[in-house]
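>>> Just need the structure, nothing else, for what follows:
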Amino acid sequence: MRRFLRLCKNNLSIIFALSLMLVMLKAKGRQPMATVTISPNVVDTDAPGNINVPAGNISVTGFTGSRTYSWSAVSKPDGITGDVNIVPGFLGSAQFIGFNALGTPQAISGIYEFELRVSDTNGNVATTIFTIVQIPPVNSPPLVTIDPLPTSDLLLPVTNVLLEGIIEDPTNEISTSAWSQASGSTAISFPTIGIIPIGTRTTETDINLNDLQPGTYELTLSSTDDGGLTGTASITFNVLPPPSSLAVSIDPVMNPESPVPINGTITGINELNDRIRYEWTQDPGNPATITLPEAAFVALGNTEQASSIEVADVPFGSYTFTLTATDEYYNVSEEASITILFRPPVVIEPSKVFTPNGDGINDEWVVGNVEDFPELAVTIINERGAIVFEAQSYATERWNGLYNGQAAPEGAYYYVFTDTIDGTEIRGSFVLLR
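Have a look, this model is predicted:
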């Protein structure tokens with residue numbers, strides 16, 4: 001026993017050295033632990049769009065050789081139709097495609113987990129989990145728009161005018177869509193619109209406007225998604241005929257005697273215009289009111305319109321009537337008027353003898369009843385054909401027998417009474433005695 005203890009004592013230094021060498025050798029072969037982390041490692045998303053993990057968000061430790069990065073899907077919500085597409089990048093960066101509602105497969109709400117694995121050429125390996133939480137999108141009504149027309153006033157004829165409707169909904173599927181017509185004289189044929197998948201943009205709601213009649217048209221495009229929300233858009237436009245070059249005339253009336261027809265004519269009407277309104281009116285202040293026809297519209301296709309009224313059994317006096325034509329599309333009017341004097345027949349009694357001798361009797365040439373016809377002008381001529389007297393109304397101005405300030409000589413004189421309204425004449429003669 002003593003010999004053994006002595007032997008151990010002598011070899012203690014050797015045993016310690018061997019133990020120290022063994023510890024050093026073990027320490028020399030041990031590698032540090034490799035790790036990989038992503039910050040942040042959980043991302044929430046509530047809107048369509050791809051998810052990116054930049055290289056700057058990835059940290060690695062404990063790797064001694066050339067590193068390799070690889071991504072793989074670990075878990076996904078029930079019901080998704082395929083794997084989310086992963087596009088790897090530099091030093092572990094990645095883009096996750098499939099969370100865009102327009103992508104394929106379409107992402108649905110839930111939790112998606114992806115593993116990032118990092119390894120090196122010395123056999124070191126580390127993994128970490130990256131989580132994406134897809135929050136259900138909030139439903140919004142479909143976005144419905146109608147492209148405006150170049151002008152809100154379309155001139156006839158309307159041919160191949162394209163009206164384009166657009167429907168878009170990034171959150172839900174479109175279940176029903178339809179055009180409707182609120183106003184317009186021509187029924188428009190609308191296309192049938194089927195179900196539109198989520199996120200799809202459609203321009204298949206075009207309307208080709210053709211053969212429309214004049215009028216104001218209001219159209220609405222509505223769309224309802226499978227969440228029950230509806231979006232609408234409306235457009236209003238006018239279909240107008242080309243402007244008309246209106247002209248109105250009334251035939252003159254000579255020697256009016258009851259009944260009197262009054263004939264008017266409207267020309268310059270565009271054959272496509274069905275909103276030419278014409279009407280007879282009577283000016284105020286007439287001795288009596290005449291019953292006139294109701295206002296009317298020129299029939300479509302007419303380029304000229306005749307219209308007549310008849311005036312009969314009215315009191316004597318002056319009557320004025322107006323025919324007006326109005327283009328109601330363009331608020332343009334033209335008119336013509338006529339004034340007619342209804343009076344008894346002109347009956348005057350010119351004196352046959354005139355004695356302007358200053359005795360106060362028959363010193364002016366007397367014309368019986370002339371006071372009732374102030375419109376009668378007169379011209380008096382001597383035997384040599386010289387005009388000795390003129391007046392625009394003999395009812396207000398009489399001849400006193402003077403000619404150039406001197407007493408006119410005795411003899412025969414001739415008169416011409418002219419109706420200043422209708423131009424008729426009354427002729428005769430008388431004798432001047434002193």
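
>>> any low-confidence regions in this structure?
1-32, 47-49, 79-82, 98-108, 137, 199, 255, 258 (pLDDT under 70).

>>> Geometric centre of it: which residue is closest?
With distances taken as Cα atoms, centre = their mean, residue 152 lies nearest the centre of the chain, 3.3 Å away.

>>> Against residue 111, how distant is that residue?
Look at residue 152 and residue 111: by Cβ to Cβ, to the nearest Å, they are 53 Å apart. C-beta here means a position set from N, CA and C on the backbone, and glycine is covered the same way.

>>> From residue 122, how far off is the residue nearest to the centre of the chain?
For residue 152, the distance to residue 122 - Cβ to Cβ - is 76 Å.

>>> Now do the strands in the stretch 251-400 of the chain.
260-267, 276-282, 296-297, 305-311, 317-327, 332-342, 349-350, 353-354, 367-368, 376-381, 387-391 (DSSP state E, counting those that start in this stretch).

>>> What strands line up against the third one, and which way round?
Pointing back at strand 296-297 there. With DSSP bridges as the test, strand 296-297 is paired with strand 276-282 (antiparallel).

>>> what do you get for the fifth one?
Note on strand 317-327: by DSSP bridges, its sheet partners are strand 276-282 (antiparallel), strand 332-342 (antiparallel).

>>> buried sites along the shortest one?
Residues of strand 276-282 classed as buried under the neighbour-count rule (16 or more other Cβ atoms under 10 Å) are 276, 278, 279, 280, 282.

>>> ok, those residues vs residue 188, which is closest?
residue 276 (25.4 Å; Cβ to Cβ).

>>> for that closest one, what are its contacts?
Contact analysis of residue 276 by Cβ atoms under 8 Å, 6 or more residues apart in numbering lists 244, 246, 266, 269, 297, 298, 305, 325, 326, 327, 328.

>>> ok, it to residue 242 distance?
12 Å.

>>> about what we covered before: filter the contacts of residue 276 to the buried ones?
Buried among these by 16+ other Cβ under 10 Å: 244, 246, 266, 269, 298, 305, 325, 326, 327.

>>> quick one, helices of the chain?
With DSSP state H as the definition, the chain shows helices at residue ranges 2-29.

>>> Output stretch 377-390 as PDB, nothing but the C-alphas.
Extracted in PDB, the C-alpha atoms of stretch 377-390 (Å, rounded to 0.1, in the frame of the first residue of the first chain):
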ATOM      1  CA  ALA A 377    -104.900 111.800 -97.000                       C
ATOM      2  CA  VAL A 378    -106.000 114.300 -99.700                       C
ATOM      3  CA  THR A 379    -104.400 116.000-102.700                       C
ATOM      4  CA  ILE A 380    -106.200 118.900-104.500                       C
ATOM      5  CA  ILE A 381    -105.200 119.800-108.100                       C
ATOM      6  CA  ASN A 382    -106.300 122.800-110.300                       C
ATOM      7  CA  GLU A 383    -107.300 122.700-113.900                       C
ATOM      8  CA  ARG A 384    -103.600 123.100-115.000                       C
ATOM      9  CA  GLY A 385    -102.600 120.000-112.900                       C
ATOM     10  CA  ALA A 386    -100.800 122.000-110.200                       C
ATOM     11  CA  ILE A 387    -101.200 120.700-106.600                       C
ATOM     12  CA  VAL A 388    -102.800 123.500-104.600                       C
ATOM     13  CA  PHE A 389    -103.300 121.600-101.400                       C
ATOM     14  CA  GLU A 390    -102.100 118.400 -99.600                       C
END
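
>>> Residues touching it, excluding its own?
365, 391-394, 399, 403, 408-409, 411-418, 420.

>>> Pop the domain breakdown of the protein in here.
35-134, 143-240, 247-342, 349-432 (automatic domain parsing).

>>> picking that back up, if I pick the residue nearest to the centre of the chain, what's in contact with it?
236, 237, 238.

>>> go again using 6 Å as the cut-off
residue 237 (Cβ atoms under 6 Å, 6 or more residues apart in numbering).

>>> Give the bridge partners for the closest residue to residue 294 other than its chain neighbours, please.
Leaving out its chain neighbours, the residue that sits closest to residue 294 by Cβ to Cβ, 6 or more residues apart in numbering is residue 279, at 7.9 Å. For residue 279, the beta-bridge partners are residue 324 (DSSP bridges).
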